[in-house]
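A.B. asks: Here is my input, please return the structure:
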Amino acid sequence: MQVQVLSLPFGNFGYVPYPLRCLPSPNSSLPSTLSIAAAAYLEELQLLSDCWNGLKGREKAYLPREAKEPPQAWSDRIRRTTFDNRFEPAIKDYAGLLSVFSLNDDVAQSIVDSQDNIDQCGNDIWTFFHEADQYCLRDGWCGIMVEFPPEDPNIASQADLLASLRRPYLVLIDRRDILNWRTIKVNGKSVLVQVTIREIRLEPDGDFGEKEAIYYRVLRPGEYFVFQIIEGKTGEAQVILVEQGTTSLNSIPLVYYSVTESQLFAAKAPFYNLAKLNIEHYQKRSQLNEVLRKCNLPVPVRKGYITTANDPKPPMIIGPNTVLDVPVNGDFFFAEPSGSAIAASKEDLKDLEAAMDRMTLDFLTSGDHQKTATEVVLDSTKTSANLKGVSRRKESAMQQIFDFWVAYTGEAEGGSIAMDEDLLSMPMTPEQVDKLESLATGGFISQRTLLLLLQRGKVLPRQFDIDEEVAATQQQHDQVLADANIPTQGNTLDPSPTF
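C.D. replies: Numbers count the residues shown, from 1 in each chain. As a prediction, this is how the structure comes out:
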């Protein structure tokens with residue numbers, strides 16, 4: 001390993017990595033600096049990360065201490081409030097829709113051969129991109145890098161390369177770890193010419209422990225550098241070059257992966273408003289819990305009891321075996337709040353939950369009332385149109401990834417994928433099914449056409465083999481005719497349409 005202390009010749013890099021695992025530095029020559037665009041989105045990324053992780057360890061940031069609230073009461077209030085996480089399930093459900101795709105016939109053979117372990121970590125291509133879809137739906141975008149192992153002197157030809165285990169693989173990179181970048185315009189298109197990626201590695205610490213070490217990988221066309229920042233004795237940061245090398249590509253093999261925005265590194269989180277509503281729901285739920293808790297404890301009131309300095313008020317004991325003295329004009333009762341604010345708070349929570357439902361796909365499975373067919377169709381049509389746009393961006397991004405892949409392997413074409421754009425189309429109604437069956441019975445459509453239409457209408461499952469079913473049914477039909485000594489010629493289940 002090469003270790004070299006140097007000053008970087010790369011100019012401004014930005015600001016401080018997110019999350020704040022190391023101290024910010026005003027020195028823009030450090031690779032840990034964030035670009036202006038990345039620094040501007042820190043607050044949003046913090047909120048998204050907190051919601052995704054169920055506010056674990058961050059509850060106090062969203063339920064701040066009230067004025068004059070005792071610390072123990074504050075801690076108890078936080079402990080009693082549960083975060084109803086609706087953000088994470090919504091992202092995962094939507095990502096599940098995007099994971100339905102297939103490889104086209106033009107996909108490079110090396111990609112097909114690697115589809116069951118696309119990242120060298122045991123994940124197949126569908127599992128890998130399902131996680132990538134979660135990243136970009138949560139944060140707006142992420143990075144996917146096409147890596148290639150170092151050169152092997154034993155590989156002398158393309159045939160040797162294809163026969164070896166040395167092959168490209170994919171690396172998923174969180175948006176938070178892409179700290180800064182530089183682009184240039186080529187024919188009106190932004191082209192990446194430099195990018196810095198933060199890497200957090202676990203290294204041995206003592207005999208049995210481990211510690212986190214932060215490295216910064218700087219990629220440029222055809223080359224890369226890996227740096228580490230060490231704080232010197234004088235408090236100044238030293239940049240140490242720990243690794244460098246070259247690649248066989250004249251471009252940076254990092255794909256900006258977003259399914260919502262095409263402009264490089266510019267996509268905003270599509271479910272950010274859902275995250276904010278989820279936090280508001282958490283806060284108002286805490287308020288309602290506290291109101292209910294206090295309202296469920298009626299306060300005893302003793303009216304007319306006068307105390308003096310020589311006759312202090314004794315402690316009040318209430319129970320079936322005690323007697324309470326009350327003055328002649330005094331009274332004793334339990335004071336209870338009216339509770340009118342409780343009903344309003346509950347309605348407010350319901351409104352928030354309805355607003356969150358509208359931002360997700362819950363209209364397909366839930367709701368306080370049974371939706372009409374028109375409402376469901378309108379909601380489904382809007383979501384389906386959005387899903388188709390998302391699908392086309394995913395197809396484009398994956399084609400770029402495949403192109404980087406074959407740039408390493410030397411294959412002619414990377415290929416493409418096909419998304420299932422009919423995923424959210426509505427199933428056929430029973431009336432529509434009856435009409436199709438009557439057409440088949442009357443000989444206006446064949447049995448195979450009937451099954452094909454039923455499959456497209458989601459009455460039959462996608463994996464249903466229509467040709468196999470038609471052949472099996474025809475064989476049974478022929479056997480029945482044979483047993484009855486009826487000629488099979490001209491007696492088929494798929495007659496030509498008659499009018």
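A.B. asks: Let me know how buried residue 261 is, in neighbour terms.
C.D. replies: The number of residues packed near residue 261 is 16, by other CB atoms under 10 Å. Every residue, glycine included, has its C-beta placed from N, CA and C.
A.B. asks: check which helix or strand covers it.
C.D. replies: Applying DSSP states H and E as the criterion places residue 261 outside every helix and strand.
A.B. asks: surely it meets residue 141?
C.D. replies: Yes. A contact is recorded between residue 261 and residue 141 when judged using CB atoms under 8 Å, the distance being 7.2 Å.
A.B. asks: any common contacting residues for those two?
C.D. replies: For the pair residue 261 and residue 141, residues contacting each of them under the criterion CB atoms under 8 Å, 6 or more residues apart in numbering are residue 267.
A.B. asks: what about residue 477, helix or strand, and which?
C.D. replies: Counting by DSSP H and E, the element that carries residue 477 is helix 466-483.
A.B. asks: in that helix, what counts as buried?
C.D. replies: Of the residues in helix 466-483, those scored as buried under the neighbour-count criterion (16 or more other CB atoms under 10 Å) are 466, 470, 474.
A.B. asks: From the contact counts, what lies against that helix?
C.D. replies: helix 447-456 (3 or more CB pairs under 8 Å, 6 or more residues apart in numbering; DSSP states H and E).
A.B. asks: Show me which positions of the helix it packs on end up buried.
C.D. replies: Neighbour counts over helix 447-456 (16+ other CB under 10 Å) mark 447-455 as buried.
A.B. asks: Mean pLDDT per helix and strand in this structure: which one sits at the bottom?
C.D. replies: Taking mean pLDDT, DSSP states H and E as the measure, the chain has strand 4-5 as its least confident helix or strand, at a mean of 44.
A.B. asks: I'd like the next helix or strand past the longest strand along the chain.
C.D. replies: When every strand of the chain is counted residue by residue (DSSP state E), the longest turns out to be strand 189-205. On the C-terminal side of strand 189-205, the nearest following helix or strand under DSSP H and E is strand 209-220.
A.B. asks: mind listing what's buried in that following strand?
C.D. replies: Counting neighbours by 16+ other CB under 10 Å, the buried set in strand 209-220 is 215-220.
A.B. asks: quick check, nearest of the residues you listed to residue 206?
C.D. replies: Set against residue 206, the nearest of the buried residues of strand 209-220 by CB to CB is residue 215 (20.7 Å).
A.B. asks: Find the nearest non-adjacent residue to that closest one, please.
C.D. replies: residue 199 (4.5 Å; CB to CB, 6 or more residues apart in numbering).
A.B. asks: Mind pulling the model confidence for the one you found?
C.D. replies: We have a pLDDT of 94 for residue 199.
A.B. asks: Now for it, how many residues are close by?
C.D. replies: Residues near residue 199, counting by other CB under 10 Å, number 13.
A.B. asks: show me what contacts it?
C.D. replies: When contacts are counted by CB under 8 Å, 6+ apart, residue 199 is found next to 177, 214-217, 226.
A.B. asks: that older thread, enumerate the positions of the longest strand of the chain that are buried.
C.D. replies: Buried residues in strand 189-205, counting neighbours by 16+ other CB under 10 Å, are found at 192, 194-198.
A.B. asks: Reformat these as TSV; add distance to residue 75.
C.D. replies: Below are the buried residues of strand 189-205 laid out as TSV (distance: CB to CB, whole Å):
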residue	distance to residue 75
192	47
194	47
195	43
196	40
197	39
198	34
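A.B. asks: right, and the secondary structure at the residue minimising distance to the centre of the chain would be what?
C.D. replies: By CA atoms, centre = their mean, the mean C-alpha position of the chain lies nearest to residue 134, the distance being 2.4 Å. When classified by DSSP: H, G, I helix; E, B strand; the rest coil, residue 134 comes out as helix.
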